[in-house]
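Student: structure here, sequence nowhere to be found:
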């Protein structure tokens, strides 16, 4: 038993899709969330920048004595996971492996699509991870550079967003994919738009939700679960950007009010 | 990457149901299997005996330089997992946690049945594990003391077995379970008989198959996967009983011939 908090980090608000599922599946746990909203999006950044920014968030959370770190951002996972995992003694999880494994389990025709930021697509981490596990999969990747911004600007239900998503995902209409990995934690906020664009027959994989299954498994495996009847501390949120828009999206998405959101400088 | 073998241990042939799924899901891995057929069944043994016998198998495999240990036996997991896990530096997995979590995910009405040996039922490890994770589950346990013997004697497709399974599981007809955990790795060999006895509407959980999902996750997490293109060694089987009946069941169940089965004394 261990009642210390679990740390989640993301370039902005996207990781909140992971946090929502984590709160649902792991009701006894306390979460500390850091969103680097000021320097978001990470997609077009260089590897050095992403590695530096990710370490900034990690160091902030290590001082808060977290028991587990979840890199709830695909771009940061692609660039920084193995480096950070090597250096820390607490469990460090990323979002790419769980999403890849879920897609392999789900796909029947072995044609798997991936949508992600430019950085993640360029890293080829999804095709590599999938092809390491299976020999017969065909992976089609597509960068969706405008999607993160639509979410961060709280535009994810707008008319503009519907059109943008439909136009961007148009190339998949010429493919035979039966499974599509949403390889960016911002994208589940656009889920209805994405589902409409690719059609109902394509199974969407939420890499964040899959990551929470992994968190649950590793908490058991490492015997780090919080006790069931402990007096639980409140979740805490930290943003490098403005508190107000962050708080608005977080409360809307998590369906909670009076969230404890603080501004930090990294 | 790590090409050392993974060790599986069981009181007899039951753990072969785990091994079959492991070979399917983890084709690059090499498995060493120990079945303590001579001292099987473990169900009616004392805790001290089960702990001793389990350690005998573990010590044999540690000398073979395994990279991971899977206690592919519910009775041994209930009694010995935490003790062995505390002492070893390699990952040690049991079959109870994965089966319990799968049942929680699967059950809609939260009425979950468990069938197991007397030892496992008496330990109450399944109800405890399930109730630790969820507050609203109702767990009905039933000891099936004759099932292991039916399998070990290679009688698992006989007329006698059909009648025995039907009679033993009769109490479930008075319950409202929608999910039934086969809480003994021998029982999946009786799966068609069990399914017929409880009816098609009840979802059967194979705790062994669920354990293989966990093996896969922990191999990734601990970065212990075997390399894809390595020249793989053959799986090895060790039994404390007679080689011939063990080999017959193993080849039949795994649908392989010329398995490398050796007699050992522990």
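Tutor: Okay, I see it. A quick note: this is a predicted structure, and the numbers were derived from the prediction, not measured.

Student: so what pLDDT did residue A:49 get?
Tutor: Note for residue A:49: predicted pLDDT of 96.

Student: again, but for residue A:80
Tutor: pLDDT at residue A:80 comes out at 95.

Student: quick one, what contacts it?
Tutor: A:50, A:51, A:54, A:55, A:71 (C-beta atoms under 8 Å, 6 or more residues apart in numbering or on different chains). For every residue, glycine as well, the C-beta is placed using N, CA and C.

Student: just the residues you listed now: which is nearest chain B?
Tutor: Minimum distance to chain B across those is 13.9 Å, recorded for residue A:71 (C-beta to the nearest C-beta).

Student: mind checking what secondary structure the residue most central in space within chain A has?
Tutor: Among the residues of chain A, the one closest to the centroid is residue A:185, at 3.2 Å (C-alpha atoms, centre = their mean). With DSSP: H, G, I helix; E, B strand; the rest coil as the basis, residue A:185 sits in coil.

Student: for it, which non-adjacent residue is closest in space?
Tutor: residue A:14 (3.8 Å; C-beta to C-beta, 6 or more residues apart in numbering or on different chains).

Student: next, the one you found: secondary structure please.
Tutor: With three-state DSSP as the basis, residue A:14 sits in coil.

Student: what's the separation between it and residue A:116?
Tutor: 11 Å (C-beta to C-beta, to the nearest Å).

Student: got any residues that touch both of these two?
Tutor: residue A:184.

Student: mind listing what the residue nearest to the centre of chain A touches?
Tutor: A:10, A:14, A:15, A:16, A:17, A:18, A:72, A:73, A:74, A:95, A:207, A:208.

Student: which residues touch the one helix or strand residue A:238 maps to?
Tutor: Using DSSP states H and E, the element containing residue A:238 is strand A:236-239. Strand A:236-239 has contacts (C-beta under 8 Å, 6+ apart) with A:5, A:31-38, A:60, A:246-247, A:250, A:259-264.

Student: can you tell me which of these are buried?
Tutor: Among those, those classed as buried by 16 or more other C-beta atoms under 10 Å in any protein chain shown are A:5, A:31-38, A:60, A:246-247, A:250, A:259, A:261.

Student: now the two most distant members of these.
Tutor: A:5 and A:38 (22.6 Å; C-beta to C-beta).

Student: closest one to residue A:121 out of the contacts of residue A:80, please.
Tutor: For the contacts of residue A:80, the nearest to residue A:121 is residue A:50 (13.9 Å; C-beta to C-beta).

Student: name the element that closest one belongs to?
Tutor: helix A:47-62.

Student: got the buried residues for that helix?
Tutor: Under 16+ other C-beta under 10 Å, the buried positions of helix A:47-62 are A:50, A:51, A:53, A:54, A:55, A:56, A:57, A:58, A:60, A:61.

Student: distance to residue B:86 for those residues - can I get that in TSV?
Tutor: Formatted as TSV, these follow (distance: C-beta to C-beta, whole Å):
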residue	distance to residue B:86
A:50	39
A:51	37
A:53	39
A:54	34
A:55	34
A:56	37
A:57	34
A:58	30
A:60	33
A:61	29
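
Student: so which of the residues you listed reach chain B?
Tutor: Among the buried residues of helix A:47-62, none lies close to chain B by the criterion of C-beta under 8 Å from any C-beta of the partner chain.

Student: ok, residue A:60 - contacts?
Tutor: A:34, A:238, A:264, A:266.

Student: not counting sequence-adjacent ones, nearest residue to whichever residue of the stretch 1-150 of chain A sits closest to chain B?
Tutor: Proximity to chain B, evaluated over the stretch 1-150 of chain A using C-beta to the nearest C-beta, is greatest for residue A:97 at 5.7 Å. Once flanking residues are discounted, residue A:97 sits nearest to residue B:220: 5.7 Å by C-beta to C-beta, 6+ apart.

Student: which helix or strand contains that neighbour?
Tutor: Judged by DSSP H and E, residue B:220 forms part of helix B:207-221.

Student: just how off-centre is that helix within its chain?
Tutor: How far helix B:207-221 lies from its chain's middle: 13 Å, per C-alpha atoms, centre = their mean, to the nearest Å.

Student: care to break chain A down by domain?
Tutor: Following the assignment in automatic domain parsing, chain A carries domains at A:6-94+A:209-263, A:96-208.

Student: report the buried residues of stretch A:248-260.
Tutor: By neighbour count on 16+ other C-beta under 10 Å, the buried set for stretch A:248-260 is A:249, A:250, A:253, A:254, A:259.

Student: what residues does chain A have near chain B?
Tutor: Checking chain A against chain B by C-beta under 8 Å from any C-beta, the hits are A:91, A:93, A:97, A:101, A:132, A:214, A:216, A:217, A:218, A:220, A:221, A:228.

Student: now the residues you listed: which count as buried?
Tutor: A:91, A:93, A:97, A:101, A:214, A:216, A:217, A:218, A:220, A:221.

Student: what about the strands in the stretch 101-250 of chain A?
Tutor: For the stretch 101-250 of chain A, the strands defined by DSSP state E, counting those that start in this stretch occupy A:111-116, A:138-143, A:179-182, A:203-206, A:236-239.

Student: tell me the contacts of the nearest residue to residue A:248 once chain neighbours are set aside?
Tutor: Leaving aside its chain neighbours, residue A:248 sits nearest to residue A:154 (6.8 Å; criterion: C-beta to C-beta, 6+ apart). Residue A:154 is in contact with A:245, A:248, A:249, counting by C-beta under 8 Å, 6+ apart.

Student: no further queries at this time; thank you.
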